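Participant: Next comes the sequence, and after it the predicted model I'd like to discuss.
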Amino acid sequence: MANLSIQKLGQRIFNATKHEQTVARSSNPFAASSFKGNVLTADVFETAKPSMSEKVSSKSKLMYSALVGSISNFGQRIHQGIESITSFCGRMKDGVVSFWNKMNDIEISLDFASAGKSIKSRWDAMQDEHTIQKYMSMPVGKSEGKESLESMLISELSMDIAA
Amino acid sequence: MRDKRNVKNIIEALSRHQDPDSIRVLNEVGTNSAIDEVREMTSRALVKKNVHDSLDVVISNKGKGINDLSTLVAMSTINELLALEDKTEAIQILENTVEMSSDEDVRDNARSVKALMALSC
């Protein structure tokens, strides 16, 4: 920044012809807008950088501390791992137990008995209807013969009384 | 007691039978049975016929149909009367019974059933 003083900047701004002459000899098309001739010799963003030895030492410190930390946490991690396995097994056991309890609570019953009854009742109703149709073709009064509805009914009821 | 299946089938056949003699058989054999279940089936069969003679048996006869001593038989008969699609003949017989029956209980029963049937129409 040493060569880029306010005076020189003033010369560049207010004495443009001199500068243009210099630019005209240049083959760089961006020379007009460049900082040609005004070399920055100092880094304006320069900070205090650590030396190589400092870098190495700080890096090593970090590595060592990480290593020591990892070693010191090793047993704890194993312990935590065992604890997590134990808790996992515990959860698994609880899950199995609760599943077993639920399975015991659920009553699975295939109601074959009622299904069988329904089929039987339908079958009986069909048979009854067939019998009724047969009886309807028979004579009613017993005077018309032994095979009449009246005689059959009397016979059935007398059997009931006898029983 | 034996299975009533065959008795039920015979009574059902008599209730569907077109022969008028079926009413006589149901009246003489069925409604005089000592078994409540048989009397109930017979009364319902007579109501299902829905003709004057059959309805007259269960409405205006003392101790039969709606006048049966068994509550089961009486209530089943009333229920069957209320379930009739055409109640004209039943209401006519009930009115005649209310006006002309010599028995007070029969008249009272007929009046009550008539009121029920009027409500159900």
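Facilitator: Alright, I've got the coordinates. Fair warning: this is a prediction, and the values are worked out from it, not measured in the lab. Residues are numbered from 1 along each chain as shown, chains lettered A, B, ... in the order given.

Participant: Nearest to chain A: which residue in chain B?
Facilitator: B:Ala13 (3.4 Å; C-beta to the nearest C-beta). Every C-beta, even on glycine, is put in place using the N, C-alpha and C of the backbone.

Participant: Which residues are in contact with the residue in chain A positioned nearest to chain B?
Facilitator: Of all residues in chain A, A:Tyr135 sits closest to chain B, at 3.4 Å by C-beta to the nearest C-beta. By C-beta atoms under 8 Å, 6 or more residues apart in numbering or on different chains, A:Tyr135 lies in contact with A:Leu149, A:Met152, B:Asn9, B:Ile10, B:Glu12, B:Ala13.

Participant: Which residue comes closest to the fifth one once chain neighbours are left out?
Facilitator: Nearest non-adjacent residue to B:Glu12, counting by C-beta to C-beta, 6 or more residues apart in numbering or on different chains: A:Ile132, 5.1 Å away.

Participant: Can I get stretch B:43-50 as PDB, trimmed to CA atoms?
Facilitator: Extracted as PDB, the C-alpha positions of stretch B:43-50 are listed here (Å, rounded to 0.1, in the frame of the first residue of the first chain):
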ATOM      1  CA  SER B  43    -104.900 -70.600  17.700                       C
ATOM      2  CA  ARG B  44    -102.300 -69.000  15.500                       C
ATOM      3  CA  ALA B  45    -103.200 -71.400  12.600                       C
ATOM      4  CA  LEU B  46    -106.900 -70.500  12.900                       C
ATOM      5  CA  VAL B  47    -106.100 -66.700  12.900                       C
ATOM      6  CA  LYS B  48    -103.800 -67.200   9.800                       C
ATOM      7  CA  LYS B  49    -106.800 -68.700   7.900                       C
ATOM      8  CA  ASN B  50    -108.400 -65.300   8.300                       C
END
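
Participant: which residues are contacting that stretch?
Facilitator: Contacts for stretch B:43-50 (C-beta under 8 Å, 6+ apart): B:11-12, B:14-15, B:22-23, B:26-27, B:30-31, B:54-55, B:57-58, B:64-65, B:68, B:73, B:76-77, B:80-81, B:84, B:86, B:89-90.

Participant: In PyMOL, select just the buried ones from those residues.
Facilitator: Only the buried entries of those go into this PyMOL selection, using 16 or more other C-beta atoms under 10 Å in any protein chain shown:
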select buried, chain B and resi 11+12+14+15+22+23+26+27+30+31+54+55+57+58+64+65+68+73+76+77+80+81+84+90
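
Participant: Go through the contacts of stretch B:43-50 and flag which are in helices.
Facilitator: Of the contacts of stretch B:43-50, the ones assigned to helices by DSSP state H are B:11-12, B:14-15, B:22-23, B:54-55, B:57-58, B:73, B:76-77, B:80-81, B:89-90.

Participant: check contacts around B:Asp53.
Facilitator: B:Pro20, B:Ile23.

Participant: Need the per-residue pLDDT for it.
Facilitator: At B:Asp53, the model reports a pLDDT of 95.

Participant: sorry, back to before: greatest separation within the contacts of A:Tyr135: which pair is it?
Facilitator: A:Met152 and B:Glu12 (12.6 Å; C-beta to C-beta).

Participant: Quick check: residues of chain A near chain B?
Facilitator: Residues of chain A lying close to chain B by C-beta under 8 Å from any C-beta of the partner chain are A:124, A:128, A:131-132, A:135-136, A:138-141, A:149-150, A:152-154, A:156-157, A:159-161, A:163.
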